[in-house]
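show me the folded form of this:
(chains A, B, C and D)
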Number of protein chains: 4
Amino acid sequence: MKTLGVAIVGASGYSGEELVRLLLQHPRISIECITSRTYAGQALGSVFPRFADTILHFSQPDVKQIADVADVAFLALPHGLAAEFAVPLLEAGVKVIDISADFRLRDTAQYEKYYGQPHPAPDLLKNAVYGLPERYRDRICGARLVACPGCYPTSVILPVAPLLSAHVLSPHSLAVASLSGVTGAGRKVDVAYIFPECNESVRPYAVTGHRHLPEIEQELSEAAGSPLRLNFVPHLVPVNRGIHSTIFADPQVGDITQEALTQVLHAAYDAEPFVRVLPEREVADTKHVTHTNTAEVGAVLDDHTGRVILSSAIDNLTKGASGQAVQCMNIMYGFDETLGILPNTQTVIGSSH
Amino acid sequence: MKTLGVAIVGASGYSGEELVRLLLQHPRISIECITSRTYAGQALGSVFPRFADTILHFSQPDVKQIADVADVAFLALPHGLAAEFAVPLLEAGVKVIDISADFRLRDTAQYEKYYGQPHPAPDLLKNAVYGLPERYRDRICGARLVACPGCYPTSVILPVAPLLSAHVLSPHSLAVASLSGVTGAGRKVDVAYIFPECNESVRPYAVTGHRHLPEIEQELSEAAGSPLRLNFVPHLVPVNRGIHSTIFADPQVGDITQEALTQVLHAAYDAEPFVRVLPEREVADTKHVTHTNTAEVGAVLDDHTGRVILSSAIDNLTKGASGQAVQCMNIMYGFDETLGILPNTQTVIGSSH
Amino acid sequence: MKTLGVAIVGASGYSGEELVRLLLQHPRISIECITSRTYAGQALGSVFPRFADTILHFSQPDVKQIADVADVAFLALPHGLAAEFAVPLLEAGVKVIDISADFRLRDTAQYEKYYGQPHPAPDLLKNAVYGLPERYRDRICGARLVACPGCYPTSVILPVAPLLSAHVLSPHSLAVASLSGVTGAGRKVDVAYIFPECNESVRPYAVTGHRHLPEIEQELSEAAGSPLRLNFVPHLVPVNRGIHSTIFADPQVGDITQEALTQVLHAAYDAEPFVRVLPEREVADTKHVTHTNTAEVGAVLDDHTGRVILSSAIDNLTKGASGQAVQCMNIMYGFDETLGILPNTQTVIGSSH
Amino acid sequence: MKTLGVAIVGASGYSGEELVRLLLQHPRISIECITSRTYAGQALGSVFPRFADTILHFSQPDVKQIADVADVAFLALPHGLAAEFAVPLLEAGVKVIDISADFRLRDTAQYEKYYGQPHPAPDLLKNAVYGLPERYRDRICGARLVACPGCYPTSVILPVAPLLSAHVLSPHSLAVASLSGVTGAGRKVDVAYIFPECNESVRPYAVTGHRHLPEIEQELSEAAGSPLRLNFVPHLVPVNRGIHSTIFADPQVGDITQEALTQVLHAAYDAEPFVRVLPEREVADTKHVTHTNTAEVGAVLDDHTGRVILSSAIDNLTKGASGQAVQCMNIMYGFDETLGILPNTQTVIGSSH
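Just a heads-up that it's a prediction; the model follows:
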């Protein structure tokens, strides 16, 4: 079997580190190039000592060099910059899996509104596929440009979308409270993220107008079949990894049952390798999913108010970014979808009755 | 001035520790008795070394002994047990400030439903005053039995009640996501609370039917002037102290403005020593209030959905328990309300031109 | 290739969880049996939801049942109990890899002194091999009973032993300060380990006479060629995983150089897959090794005092327990030593010049 | 009584915040001026919302303005810059309590070696008093320039100095392993201090040649009566506040006893309001001292090796910086030494028979 050549453009952040971790254990690919403007020339191990045994070195990001060695490039870059690389890489025949926000929004006006600049490559948007396999597997299959979802959107869309599609939830009633670990901010050096400011602190931020809001609304509108708006309040909590989302919603019709709710989720996800529908009395806990590509989702019908409470947990760096990106790559290249991201012997383990 | 004799019944938990910390710096009282069944006979410093310099020792809880030395008793006991002490203490002429849940709910049916047992002292309920000074200062004044609010209810009632009273919010639209530090569970020894289970974990619990729910509903119904129900989802986050609440609500009328929202909060709290209304662009952060008796509250009108997002932060052990209890004591005995819980020179500090 | 049948006896603690995690991704074995007295009958996923996709269930520990399905049994049990299972399992022809302390000390008097009871199976000691591959690979190869080192001993022996064997360090000068994450205490439910007692706390414990002391002394005496004693002060720090050890030592001779120190470590470990000798200006950081089986070791000669400062970092659950146990199994069965514990494609990754 | 006018120069870091916290509750002083280049013109509460109720505003640091309003100035500035302010402030008649490193070392060559620049005000050194009240109370009394000790030195000198002075410990045998919370690095914005880099990490740094080393050696040489050198290895651990030091030492003479060790510490500290000698079986824990000005110190004689193990815990921002500075101010102005830093009613609390 041919080994796939992979480039990681912008490999010195936390998403880049997680991509390296996952791709190093992927049996069908070879990391041919990792780039970093800051660390060009340095060994990967000098930035991330846990990879000291590899021979990988950061290079300056150079489209031609990348195209020479890579079949596919993961872009772990800031928005705006990602598009700058995506355009020539695609032209050079390299498939692109973008972890930035540049190709997630189909409406350039929304991009401009939330990111404060005109879209850098609007022509590419029609070819970009939103990289959420549980929703768009068929399109990811043949995609040359995949826009991986944001971490918060992944944690919100997975529990909510099937219930909207099934017309179980009222599309105009959604309110989301999400909690994120600090790696969600990337490896950003800012006083707000130094340890003493985050430790022993719990706080919301961007209470209105967070950049992930239009992305959530786009996908949930799609699921609902009509435009919707919602409230999304992210909070920063002192953990490294993990996002938990609690979502409040009104039922669409009055006679919804707990069984029906759970049944919709099971129907959507029982065949999915990376979504676990919670048993009825259990809650999503980020501890269950850190360092894995799994999303936990669950729904509770509150008899007291008649409202529905959804919850989900993911690892923001794995299912919320790099793991999902690798999952997309597996789909694009016809690999087993779990390759490199799920213990491969898991299916053959014995029973222990 | 006569020194007030104080007893702390059940002083070996975190609320008890916080009561000791606060009362040791209170100039008008003397801690005459601290009790603990587990640690009776031991020095306070052997359980909490930070108090090693005091001469306080735990004794077995004994109503007669308490009545001999104390004018007022703080009960930091489990529910059920608190009532067992409150009854004879009150009969013996000792005023009672109860931090447990026993006298918070006016409806014994609610108590029985949520606490799983008949109310242990229903006759006392008519005399019990809910110890939230910002709502019930006038009644606390002359109370002989004060039922201090739960930590979550304090964090929810403070931002919401004035807006309900002002008919600004729709009473049937409330959804609350609260985040609590682990001391909120008390000093409970259970596998769910050991460090490796809480650290690097974010999780909701008691998604429906939490014991603080009827208390929140009771007080907000009172504020709204009619019965209401709401959703309350508490989450456990890995900090020691602090509760943050984010509350979603629909406006009662369509033409509410941001200014009006903020104005209602200012009107309610500008004269309060322990509630700070947030400036419009700032968010409540538990870091701002830990180790203080201050509550931060704020309201944001989201133009995008038209919904209102409230937020608040308190220290669960201080404003959420022991600090509020001391505040109530100050009111009951005519002391300056901030005595022992606010730096007493704060009002005389100079300016800094 | 025949698949090896594996049992994990005592699989509901943190070492057991880590064993499951590692063995699930091991291509040559099958987990045939996991036992737990507390959780017998329950699904593995009900205790550790991250394994909810497996079909494993806890069973009561039963020697006959284990012997029916397993070639090798990992014992993740308390000391004393481990020996009770080791004896009949070995008699039944099952090889035993013991993570407890029962077979680490060759001197039963030491066992009795530090563990407070007579050794439960002294006859087995002569056959037990200390499971530190870097020191005893040849004996592990043919062993039927492997006693995996304690977590602290692994972190101390690895940096110190080669320097003692090379007569570079004075054997009577050693002082060790080790820092451990809270999983080092196992999944123990005790007030000392609840979150609020560990978080925002740093403290030593067992300042003299820790149970890992005789084990460290045994192995370092062996390395030095003569009996030695040392000081070992463990500290508890608020992280989940990781042990860091800082070791002070006097040089054996006056003219030792930094180069010579580093050279001894390189000679000992350059061929080892799981020990990384630190570059001269870098320090061991538990963050570099968590969730891996790698040990970082380094030595610094302090020109100011002439003393040597060694440091090391491991993940207490991996190289300090379960990862090392799997490494031993790989050696015992002639598998690639890194199977299941190192990304298997790491050797074929490309360069990125 | 006249109120003392106080300035805090450099009040926007963590030491400055702690100074404000302490001085706001000090009954004999008035904060007349707080300065910050970065935040000049802004309210204190805009940087530290917990002080939002004060009317303090940051101003540009200006010697003349400070001298106009302040009797004493606390300098919470970087080294080098502190001296630049100390010189003209002293000339203007303002007493100076410096929290920086500028006046701690009596030997300018040491300053130049460890701080990489010539001493900025060598003439002032002869008048500077090392602000450790337990060692230099008599000189602090009449001082016009106090150099507050570093946080690590405070934690090391307190347990070690009396034992060296009593010739109980061998002065050439000392090895120190200290663990510090992240506020010890100040409010420094650097990738090394962002939350994800510190959380779940334990690591030493500056293993040789840390800037606090010459300060520790200076004071311990003074205590021993002859020059000594030692090893000092600081570690960063993921807590906000607190320093723990473990110190290994050989006894000076062979027949030292545990009782004699403890007796020396009791003799040194029983009259001290801010040093607690640990009971023999207890260990120093930063949790016992955070948010207080207390140092815990203890000594253990290890019968096994004959070596002595000392330990101590302080809050790095209080006894390790700002609390100690206030303690010095109290001494300088003849206030009760505990004013503002110890609950003032602690001495009158009742007993609990």
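
got the domain boundaries for chain A?
Split into domains by automatic domain parsing, chain A comes to A:4-130, A:151-314.

nearest to chain B, out of the ones you listed?
Closest approach to chain B among those is made by domain A:151-314 (3.6 Å; Cβ to the nearest Cβ). No exception for glycine: its C-beta is placed from N, CA and C like everyone else's.

what is the end-to-end distance of that closest one?
Domain A:151-314 has an end-to-end distance of 8 Å (Cα to Cα, to the nearest Å).

can you list the low-confidence ranges for the stretch 201-350 of chain A?
The stretch 201-350 of chain A contains residues with pLDDT under 70 at A:344-350.

in it, what residue comes closest to chain D?
residue A:240 (5.0 Å).

contact residues of the stretch 201-350 of chain A facing chain B?
Within the stretch 201-350 of chain A, the residues that sit near chain B (Cβ under 8 Å from any Cβ of the partner chain) are A:201-205, A:207-209, A:213, A:229-231, A:233, A:235, A:237-242, A:244, A:246, A:248, A:283-287, A:290, A:300, A:302-305, A:307, A:309, A:311, A:313.

just give me the neighbour total for residue A:255.
Residue A:255 has 6 neighbours, counted by other Cβ atoms under 10 Å in any protein chain shown.

I misspoke; the intended subject was residue A:84.
Number of residues near residue A:84 (other Cβ under 10 Å) recorded here: 16.

give me phi/psi at the residue of the stretch 201-350 of chain A closest to chain D?
Residue A:240 adopts backbone torsions of phi -80, psi -50, taken as degrees, to the nearest 10.

with just CA atoms, put stretch A:255-264 into PDB.
Taking Å, rounded to 0.1, in the frame of the first residue of the first chain, the C-alpha atoms of stretch A:255-264 are listed here in PDB:
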ATOM      1  CA  ASP A 255     -46.100  15.000  23.800                       C
ATOM      2  CA  ILE A 256     -42.400  14.300  23.500                       C
ATOM      3  CA  THR A 257     -41.100  11.500  25.700                       C
ATOM      4  CA  GLN A 258     -37.800  10.600  27.200                       C
ATOM      5  CA  GLU A 259     -37.700   7.500  25.100                       C
ATOM      6  CA  ALA A 260     -38.400   9.300  21.900                       C
ATOM      7  CA  LEU A 261     -35.500  11.700  22.600                       C
ATOM      8  CA  THR A 262     -33.000   9.000  23.300                       C
ATOM      9  CA  GLN A 263     -34.300   7.000  20.400                       C
ATOM     10  CA  VAL A 264     -33.500   9.900  17.900                       C
END
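
now check it, is it near chain C?
No. Stretch A:255-264 stays clear of chain C (Cβ under 8 Å from any Cβ), getting no nearer than 15.3 Å.

what residues sit buried inside that stretch?
A:256, A:260-262, A:264 (16 or more other Cβ atoms under 10 Å in any protein chain shown).

show me where chain A has its strands.
A:4-9, A:29-35, A:58-59, A:72-75, A:95-98, A:128-130, A:145-147, A:175-180, A:203-204, A:231-236, A:243-249, A:275-277, A:295-301, A:308-314 (DSSP state E).

could the domains of chain A go into a markdown table alongside distance to residue C:220?
Shown next, in a markdown table, are these (distance: least, Cβ to Cβ, whole Å):
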| stretch | distance to residue C:220 |
| --- | --- |
| domain A:4-130 | 26 |
| domain A:151-314 | 34 |
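
compare those and give me the one nearest residue D:127.
Relative to residue D:127, the nearest member of those by Cβ to Cβ is domain A:151-314, separated by 34.5 Å.

now for residue A:123, how many residues are close by?
Using other Cβ under 10 Å, residue A:123 is surrounded by 8 other residues.

CSV for the strands of chain A, including mean neighbour count and distance to chain C?
As requested, the strands of chain A are arranged in CSV below (neighbours: other Cβ atoms under 10 Å in any protein chain shown; distance: least, Cβ to the nearest Cβ, whole Å):
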stretch, mean neighbour count, distance to chain C
strand A:4-9, 26, 7
strand A:29-35, 25, 4
strand A:58-59, 22, 6
strand A:72-75, 28, 13
strand A:95-98, 25, 18
strand A:128-130, 22, 26
strand A:145-147, 27, 22
strand A:175-180, 27, 17
strand A:203-204, 24, 18
strand A:231-236, 24, 17
strand A:243-249, 27, 14
strand A:275-277, 24, 6
strand A:295-301, 25, 7
strand A:308-314, 27, 10
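
Serialize those strands to JSON lines and add fields for distance to residue C:196.
Formatted as JSON lines, the strands of chain A follow (distance: least, Cβ to Cβ, whole Å):
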{"stretch": "strand A:4-9", "distance to residue C:196": "41"}
{"stretch": "strand A:29-35", "distance to residue C:196": "42"}
{"stretch": "strand A:58-59", "distance to residue C:196": "42"}
{"stretch": "strand A:72-75", "distance to residue C:196": "41"}
{"stretch": "strand A:95-98", "distance to residue C:196": "43"}
{"stretch": "strand A:128-130", "distance to residue C:196": "43"}
{"stretch": "strand A:145-147", "distance to residue C:196": "43"}
{"stretch": "strand A:175-180", "distance to residue C:196": "20"}
{"stretch": "strand A:203-204", "distance to residue C:196": "20"}
{"stretch": "strand A:231-236", "distance to residue C:196": "21"}
{"stretch": "strand A:243-249", "distance to residue C:196": "21"}
{"stretch": "strand A:275-277", "distance to residue C:196": "30"}
{"stretch": "strand A:295-301", "distance to residue C:196": "26"}
{"stretch": "strand A:308-314", "distance to residue C:196": "23"}
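
for chain A, which residues are neighbours of chain D?
Checking chain A against chain D by Cβ under 8 Å from any Cβ, the hits are A:14, A:181-183, A:187-191, A:193-200, A:238-240.

can you select the buried ones among the residues you listed for me in PyMOL?
Applying 16+ other Cβ under 10 Å to those, the buried members can be selected in PyMOL as follows:
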select buried, chain A and resi 14+181+182+183+187+193+194+195+196+197+198+199+200+238+239+240
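
ok, and which of the residues of chain A next to chain D reach chain C?
Among these, proximity to chain C is found for residue A:200 (Cβ under 8 Å from any Cβ).

residues near residue A:12, how many?
Counted with other Cβ under 10 Å, residue A:12 comes out at 23.

could you report the pLDDT at the nearest residue to it once chain neighbours are set aside?
Take residue A:12 and drop its neighbours on the chain: the residue closest to it by Cβ to Cβ, 6 or more residues apart in numbering or on different chains is residue A:36, 4.1 Å away. Looking at residue A:36, its pLDDT reads 97.

go on, the one 3 residues further on?
We have a pLDDT of 97 for residue A:39.

okay but it is in contact with residue A:46, surely?
Yes. Shown here, residue A:39 and residue A:46 form a contact pair, counting by Cβ atoms under 8 Å, at 7.4 Å.
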